[in-house]
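Participant: how would this look folded up:
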Amino acid sequence: MTFPVLARTAHRHIDVDGIRVFYRESLPADPDAPVLLLLHGFPSASHQFRRLIDLLGARYRLIAPDYPGFGHSDVPEPASTGGTFAYTFDGLADVMEGFVEGLGLDRFVMYVFDFGAPVGFRLALRHPEWIAGLVVQNGNAYEEGLSDGAREFIALRPETEGAEKTVRDLLTLPSTRGQYEGGTADPELVAPDGWTLDQHFLDLPGRTRPQIDLAFDYHSNVERYPEWQAWLREHTPPTLIVWGRNDMFFPEPGARAYLRDLPDADLHVLDTGHFALEDGLPEIAPLIADFLDTVLPRTRA
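Facilitator: Numbering: from 1, shown residues only. From the prediction side, this is the model:
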């Protein structure tokens, strides 16, 4: 019987300006293996990519960090409560920029999902030379990719009555589970481990305020959509789009909108929801492998 070759994965920390950033890194035998930087979403962390790393990490170098305030990374005191770290999307991008530089990465494909899109596009604007290609999985960059619920959420401001309670309600177990199972054709294909672990981290001391601050900063991403779209038109990175059409936040029109600026992008819409990797991994993993082989061909056999 022949079994697939699964990846060996290292679990490490790196210091970025005094913040310990946790990351998972596959260890392929080929030192020149193509690099895929995996940027996670809300309310998750690098663990959401574990199965993808297992499948592809023996052939490619997959690197998945946890943002500050997420997963196993440090949770510096928020500036909003007297601390030194501003939990904004600019702040997350600053740390991820230092993370990439700290690992010495200079050319890679970037996988952007959910929060990973605003973090990743900020990196792309700062360092277009880094980006060999994009894998976009329910990572929105267009107005038409926002559901009515998402628009209402993005409109919240700290001074709005009841706004903080609305955000806090999103940090509860029913909401976390709903993000994983919502929109899927068969919720039984979604393992409970993902949303259970996410909720564990959300419930740890000191984790709530960073999420509230980020929620109130999300409007900054929508304001920058035109910049990101202009970057796509200018640089035309090779792009693979895989999208769960039943996403409660970012519906299918957000996937198709990319084709305005990237008409040659490879688009695949799946009958699932927000966390498309949970039940769509058998379809998505081969697409990513083929894409990496095309975009970052190996210098030696």
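Participant: neighbours around the closest residue to A79 other than its chain neighbours, how many?
Facilitator: Once flanking residues are discounted, A79 sits nearest to A86: 4.4 Å by C-beta to C-beta, 6 or more residues apart in numbering. (Each C-beta comes from the backbone N, C-alpha and C, glycine too.) By other C-beta atoms under 10 Å, 17 other residues sit near A86.
Participant: how much space between A86 and A93?
Facilitator: Distance of A86 to A93, computed by C-beta to C-beta, to the nearest Å: 11 Å.
Participant: Check L270 too.
Facilitator: For L270 relative to A93 (C-beta to C-beta), the value is 28 Å.
Participant: residue boundaries of the helices in the stretch 101-250 of the chain?
Facilitator: Listed in chain order, the helices of the stretch 101-250 of the chain (DSSP state H, counting those that start in this stretch) span 116-126, 148-154, 163-170, 173-181, 193-202, 208-217, 219-235.
Participant: Let's have these in JSON lines, adding distance to S44, mean neighbour count and mean pLDDT.
Facilitator: What follows is the helices of the stretch 101-250 of the chain, written out as JSON lines (distance: least, C-beta to C-beta, whole Å; neighbours: other C-beta atoms under 10 Å; pLDDT from 0 to 100):
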{"stretch": "helix 116-126", "distance to S44": "10", "mean neighbour count": "23", "mean pLDDT": "98"}
{"stretch": "helix 148-154", "distance to S44": "17", "mean neighbour count": "14", "mean pLDDT": "95"}
{"stretch": "helix 163-170", "distance to S44": "13", "mean neighbour count": "14", "mean pLDDT": "96"}
{"stretch": "helix 173-181", "distance to S44": "9", "mean neighbour count": "19", "mean pLDDT": "98"}
{"stretch": "helix 193-202", "distance to S44": "5", "mean neighbour count": "18", "mean pLDDT": "98"}
{"stretch": "helix 208-217", "distance to S44": "12", "mean neighbour count": "20", "mean pLDDT": "98"}
{"stretch": "helix 219-235", "distance to S44": "17", "mean neighbour count": "15", "mean pLDDT": "98"}
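Participant: Output these in JSON lines, with distance to H11 appended to each entry.
Facilitator: JSON lines is the format used below for these (distance: least, C-beta to C-beta, whole Å):
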{"stretch": "helix 116-126", "distance to H11": "20"}
{"stretch": "helix 148-154", "distance to H11": "33"}
{"stretch": "helix 163-170", "distance to H11": "28"}
{"stretch": "helix 173-181", "distance to H11": "23"}
{"stretch": "helix 193-202", "distance to H11": "14"}
{"stretch": "helix 208-217", "distance to H11": "22"}
{"stretch": "helix 219-235", "distance to H11": "29"}
